[in-house]
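1. return a 3D structure for these sequence lines:
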Amino acid sequence: MKIATLQMNTQDDKAANIAQAVSLIETAVEAERPDLVVLPETFTYMGGTHESRMAAAETFPDGEAYRAMQEQARKHGIFVHAGSMNERADGNKSFNTTVVFDRSGTEVARYRKIHLFDVDTPGGLTYLESETVKRGEDIVTYDCEGVTVGCTICYDLRFPELYAKLAAAGAQVIMVPAAFTLQTGKDHWEVLLRARAIETQTYVVACGQIFTHDNGKRPCYGHSMIVDPWGTKVADCSDQVGFAAARIDIGYLEKVRGSMPVAKHHVLV
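-> Coordinates of the predicted model:
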């Protein structure tokens with residue numbers, strides 16, 4: 001199975017963001033012929049006010065972004081792991097939600113971000129995701145033609161117990177659509193991705209936003225990448241909007257797990 005991870009620079013123009021996502025999918029399909037493409041966190045809208053973000057939020061399956069990604073899956077005969085979109089919730093909040101479509105455009109998974117980013121970063125910016133986003137509760141995997149894929153979003157990356165539960169649920173690939181900050185990403189992004197891959201002995205597919213958002217503020221780190229079960233990067237995006245692709249080798253995954261069977265040795269202490 002071949003996976004393409006798409007790196008975007010989403011702004012506060014939803015129609016332009018959807019067009020960028022479609023263009024990247026089209027280009028990646030033509031160049032790489034992937035079986036599955038992954039988009040970043042909040043690929044439909046970043047920046048603006050809370051009111052404008054709520055106005056851009058969708059109800060599924062009626063939203064513009066939902067339908068556009070569904071059509072891309074159907075048109076190209078691929079799986080589309082639609083990083084995350086703002087999904088309307090009760091009250092004045094939304095969910096930060098991944099939706100996955102199979103080759104026919106049928107929705108096969110929906111994951112709502114569990115860990116919300118409430119942080120004062122080293123660069124002086126404050127993020128309070130919980131003020132406007134409702135927390136998800138369910139651990140989600142889906143079948144991609146015999147490969148079990150686990151769902152996470154961005155800040156989830158810092159919580160290894162979630163990844164352990166996904167691995168215990170059979171995950172062989174774990175997705176990490178993200179909008180990781182530049183301040184934390186330069187020191188932690190790759191380290192955490194490789195650690196989660198090594199711990200779970202899965203492929204980890206990280207898909208990020210890059211550059212600034214919200215009128216030149218809130219820079220994101222980018223460096224979308226695919227890490228194999230040994231913790232080695234097998235694909236890496238350069239510092240631009242674009243994509244990277246790699247083949248997922250389940251035989252190699254099984255070899256790594258067989259030679260170092262950490263799951264069988266795990267005990268609670």
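2. strands of the stretch 101-250 of the chain, start to end?
-> For the stretch 101-250 of the chain, applying DSSP state E, counting those that start in this stretch gives strands covering 107-112, 118-120, 126-128, 133-134, 141-144, 147-151, 173-178, 203-208, 210-213, 217-221, 225-227, 233-236, 242-247.
3. adjacent strands (with direction) for the shortest one?
-> Within its sheet, strand 133-134 is paired with strand 94-101 (parallel), according to DSSP bridges.
4. with the fifth one instead?
-> In its sheet, strand 141-144 lies beside strand 147-151 (antiparallel), with partners assigned from DSSP bridges.
5. residue 226: what's it in contact with?
-> Remark: with contacts taken as Cβ atoms under 8 Å, 6 or more residues apart in numbering, residue 226 is in contact with 3, 5, 203-206, 233-236, 244-246. All C-beta spots, glycine's among them, are computed from the backbone N, C-alpha and C.
6. farthest pair within these?
-> With distances taken as Cβ to Cβ, the most widely separated pair in those is 204 and 245, at 14.9 Å.
7. so where's the longest strand in the chain?
-> Looking only at the chain and at elements set by DSSP state E, the strand with the highest residue count is strand 79-88.
8. can you lay out the strands of the stretch 101-250 of the chain as JSON lines showing mean pLDDT and distance to residue 266?
-> Compiled in JSON lines, these are given as follows (pLDDT from 0 to 100; distance: least, Cβ to Cβ, whole Å):
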{"stretch": "strand 107-112", "mean pLDDT": "98", "distance to residue 266": "24"}
{"stretch": "strand 118-120", "mean pLDDT": "87", "distance to residue 266": "30"}
{"stretch": "strand 126-128", "mean pLDDT": "84", "distance to residue 266": "33"}
{"stretch": "strand 133-134", "mean pLDDT": "94", "distance to residue 266": "32"}
{"stretch": "strand 141-144", "mean pLDDT": "98", "distance to residue 266": "19"}
{"stretch": "strand 147-151", "mean pLDDT": "98", "distance to residue 266": "17"}
{"stretch": "strand 173-178", "mean pLDDT": "98", "distance to residue 266": "17"}
{"stretch": "strand 203-208", "mean pLDDT": "98", "distance to residue 266": "19"}
{"stretch": "strand 210-213", "mean pLDDT": "96", "distance to residue 266": "36"}
{"stretch": "strand 217-221", "mean pLDDT": "91", "distance to residue 266": "31"}
{"stretch": "strand 225-227", "mean pLDDT": "98", "distance to residue 266": "21"}
{"stretch": "strand 233-236", "mean pLDDT": "98", "distance to residue 266": "26"}
{"stretch": "strand 242-247", "mean pLDDT": "98", "distance to residue 266": "28"}
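9. which of these sits closest to residue 52?
-> Closest to residue 52 of these, according to Cβ to Cβ: strand 210-213, at 12.9 Å.
10. just to revisit the earlier point, show me what the longest strand of the chain is packed up against.
-> Under the contact definition 3 or more Cβ pairs under 8 Å, 6 or more residues apart in numbering; DSSP states H and E, strand 79-88 sits against strand 36-38, helix 50-56, helix 64-76, strand 94-101, strand 173-178.
11. residue 67 and residue 193, how far apart?
-> To residue 193, residue 67 is 31 Å away according to Cβ to Cβ, to the nearest Å.
12. which one of those two has more residues nearby?
-> residue 193 (24 against 15; other Cβ atoms under 10 Å).
13. follow-up on the earlier one: closest to residue 221 among the contacts of residue 226?
-> Proximity of the contacts of residue 226 to residue 221 (Cβ to Cβ) peaks at residue 206, which lies at 10.3 Å.
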